[in-house]
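Novice: Model the following, please.
(one chain, ligands or ions: 1)
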Amino acid sequence: MSVKANAAGAASSLYRVLDYIRRYGPLAKKELQRHTGLSWGSISTYTARLLADEVIVEYAGPRGIHKGRNPSSYAVNRRKNWILGMDVQMNRLSAVVTALDSHLLYSAAVDLKNRDAAGVFKNIITLAELLFHKVKTPGEIKRIGFSMPGLINPKPGKPLSVYHFTGVFPGNMAELIKERFGVPAAVFHDPDCMLMTHFNSMPPEEYKMACAGNVVLIRWSYGIGSALLLNGKLYYGDHRAAGEIGHTIVDPSGPLCICGNRGCLEVYASFRAILEQVHAAMEEGRFDPAVYGQSGGPTRDALWAAYRQKDPLILSVVNRAVDYMVSAVINLVNILDPRMIIFEGEFATAPGECFDRLKAGVLNRIKGEPVTIRVLPWENSGAVGAAEMLVQEVFFETLRKDLRGAG
Ligand SMILES: [Zn+2]
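Specialist: Below is the predicted model:
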């Protein structure tokens, strides 16, 4: 075997060791051996190397009730190798700084007043600057990752028009950010980021199954998007446009959608579509949020409060959206046969009854093995996932230095 192939093999085993430490650390050598299947000697070599690179730290085990010390354990060094992740949502920007184990070190958010892309881009810069000021050692931020909804034109250098925003984001957004902050940046599709967050917080057995299996995440928010983890790897499609479940057509004669087609799922089931229907009902005097102790427009809280109290109008609007989602999920299951579907986003905060209805609707109409449906809303999952997407890149950068040093 060539020196190069040897080095590549060692690098991937090293990452494997780090990967388990960052997911499940602190871990002792014995536990690492069990998780990775590597030999005791390899584990010793690799942990020594990760320690020398300051990627991990060693905790001396406490004295046990038996003679001598308990074995040391290893955890990610949270003082080094940080990543800034930012989630660009329709109504809000949220940003985090995480360590290589996705541990949240700092966070900040800002509400968006309008949906003009140029204005939002300015807000993005300001929020990133705020975090660079907030952290103790800004030089430790090695990458910046963005989680963004439906990119219409993800080709480098071309303006990015993003569904739900007016105007365009700079096509060279990543380069502009790099110039401004001096670290490489990258833009990802938001459901992919969220899926990475949940994929990385799975318990060991579930993680092993997901690594070899198929998991879908549906972000059910103002828009509806999905991420596909096929055979343990994110699937992007040949034009990086896979997973647009929100723009699958559920009624060809339905109303026009922002994508230019008619009767897309998003027109009926998105959180935006629901709010629009509720808003129309308010204007016509058919719904009053004040009845449920809420004032102002049709907010999420007012909606769920009314749903819990069985307001007939809200029940019919929300249940109709759920039933459209049931059809979309059944189509998805019939095509991909995934092991698990995870729901995220604004709608994932709905009362449990909504998802009971969805699960019953799906499971009643699927033959064969039932799919596991999880509802896991977490406001930081997009931002943490955008950082998570860059973990390997940051790790291999520290490693390349190490290999040069060793060579
Ligand atoms: Zn559409």
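Novice: Look through the stretch 51-200 of the chain and state the residue closest to the ion.
Specialist: Closest contact between the stretch 51-200 of the chain and the ion, by CB to the ion, is at Y163 (8.5 Å). For the C-beta atoms, the positions are set from N, CA and C on the backbone; glycine is no exception.
Novice: how about that residue, what does it touch?
Specialist: By CB atoms under 8 Å, 6 or more residues apart in numbering, the residues touching Y163 are 149-150, 152, 223, 258-259.
Novice: measure it to P170 for me?
Specialist: Y163 sits 17 Å away from P170, going by CB to CB, to the nearest Å.
Novice: K29 too?
Specialist: 48 Å.
Novice: ok, now A302?
Specialist: 37 Å.
Novice: Can you pick out the residue with more neighbours from those two?
Specialist: Comparing A302 with P170 by other CB atoms under 10 Å, the one with more neighbours is A302, at 24 against 16.
Novice: Report the secondary structure element holding that one.
Specialist: helix 300-308 (DSSP states H and E).
Novice: Identify all contacting residues around that helix.
Specialist: With CB under 8 Å, 6+ apart as the criterion, helix 300-308 contacts 271, 274-275, 278, 287, 289, 291-294, 313-315, 318, 346, 349-351, 353-354.
Novice: mind listing what's buried in that helix?
Specialist: 302-307 (16 or more other CB atoms under 10 Å).
Novice: How about stretch 364-377?
Specialist: Result for stretch 364-377 [16+ other CB under 10 Å]: buried residues 371, 373, 375, 377.
Novice: end to end, how far does that stretch reach?
Specialist: By CA to CA, to the nearest Å, the extent of stretch 364-377 from end to end equals 25 Å.
Novice: what mean pLDDT does that stretch have?
Specialist: When pLDDT is averaged over stretch 364-377, the result is 88.
Novice: Just the residues contacting that stretch, thanks.
Specialist: 198, 326, 330, 333-334, 337-345, 348-349, 355, 358-359, 362-363.
Novice: now, which of those lie within strands?
Specialist: 340-344 (DSSP state E).
Novice: biggest separation within those, which pair?
Specialist: M340 and E344 (12.7 Å; CB to CB).
Novice: Looking at these two now, which is surrounded by more residues?
Specialist: More crowded of M340 and E344, by other CB under 10 Å: E344, with 30 against 19.
Novice: domain ranges for the chain?
Specialist: The chain breaks down by automatic domain parsing into domains covering 3-77, 82-194+383-394, 214-376.
Novice: Now do the same for the first one: mean pLDDT, whole number.
Specialist: If you average the pLDDT over domain 3-77, you get 86.
Novice: Could you list the contact residues of the protein toward the ion?
Specialist: Within the chain, the positions near the ion by CB under 5 Å from the ion are 247, 257, 259, 261, 264.
Novice: Show the buried residues in those residues.
Specialist: 247, 257, 259, 264.
Novice: Give me the lowest-pLDDT entry from those residues.
Specialist: Confidence-wise, C259 trails the rest of those, at 87.
Novice: which secondary element of this protein has the worst mean pLDDT?
Specialist: helix 391-406 (a mean of 73; mean pLDDT, DSSP states H and E).
Novice: Going along the chain, name the helices of the chain.
Specialist: Taking DSSP state H as the test, the helices found in the chain are 3-24, 29-36, 40-52, 117-134, 173-181, 190-200, 204-212, 265-269, 271-283, 300-308, 312-336, 352-364, 381-388, 391-406.
Novice: which residues sit against the longest one?
Specialist: With contacts defined as CB under 8 Å, 6+ apart, helix 312-336 is touched by 214, 216, 218, 220, 226, 228, 230, 245, 248, 250, 265, 268-270, 273-274, 277-278, 281, 286-287, 303, 306-307, 338, 341, 347, 350, 354, 357-358, 361-362, 365-366, 371.
Novice: Next: the fifth one.
Specialist: Residues external to helix 173-181 that are found in contact with it (CB under 8 Å, 6+ apart): 121, 125, 128, 132, 141, 144, 146, 160, 170, 184-187.
Novice: Emit the PyMOL select command for whichever of the residues you listed are buried.
Specialist: Selection of buried members from these for PyMOL, criterion 16+ other CB under 10 Å:
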select buried, resi 121+128+132+141+144+146+160+170+184+185+186+187
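Novice: For T36, state which of the residues of the chain next to the ion is nearest.
Specialist: Nearest to T36 among these, with distances taken as CB to CB, is H247, at 40.9 Å.
Novice: For the closest one, give me its contacts.
Specialist: H247 neighbours (CB under 8 Å, 6+ apart): 257, 259, 261, 264-266.
Novice: Can I get the ones in strands among the contacts of stretch 364-377 in JSON lines including pLDDT?
Specialist: Putting these into JSON lines (pLDDT from 0 to 100) gives the following:
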{"residue": "M340", "pLDDT": "95"}
{"residue": "I341", "pLDDT": "96"}
{"residue": "I342", "pLDDT": "97"}
{"residue": "F343", "pLDDT": "98"}
{"residue": "E344", "pLDDT": "96"}
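Novice: re the thing from before, just the buried ones out of the contacts of helix 312-336, please.
Specialist: Of these, these count as buried by 16+ other CB under 10 Å: 214, 216, 218, 220, 226, 228, 245, 248, 250, 265, 268-270, 273-274, 277-278, 281, 287, 303, 306-307, 338, 341, 347, 350, 354, 357-358, 361-362, 371.
Novice: List phi and psi for G25.
Specialist: phi -70, psi 160 (degrees, to the nearest 10).
Novice: Burial check on the closest residue to T36 other than its chain neighbours, number of neighbours?
Specialist: Using CB to CB, 6 or more residues apart in numbering and skipping the chain neighbours, the partner closest in space to T36 is R16 (5.3 Å). R16 has 17 neighbours, counted by other CB under 10 Å.
Novice: Please identify which of the buried residues of helix 300-308 is nearest to the ion.
Specialist: L303 (22.8 Å).
Novice: Next one: that closest one relative to G41, how far apart?
Specialist: L303 is 59 Å from G41, by CB to CB.
Novice: Could you do P149 as well?
Specialist: 48 Å.
Novice: And N6, by the same measure?
Specialist: N6 is 16 Å from G41, by CB to CB.
Novice: where are the low-confidence patches of this structure?
Specialist: 1-5, 61-70, 152-154, 156, 400-407 (pLDDT under 70).
Novice: centroid residue for it?
Specialist: Central residue of the chain (CA atoms, centre = their mean): M194, 1.3 Å from the mean position.
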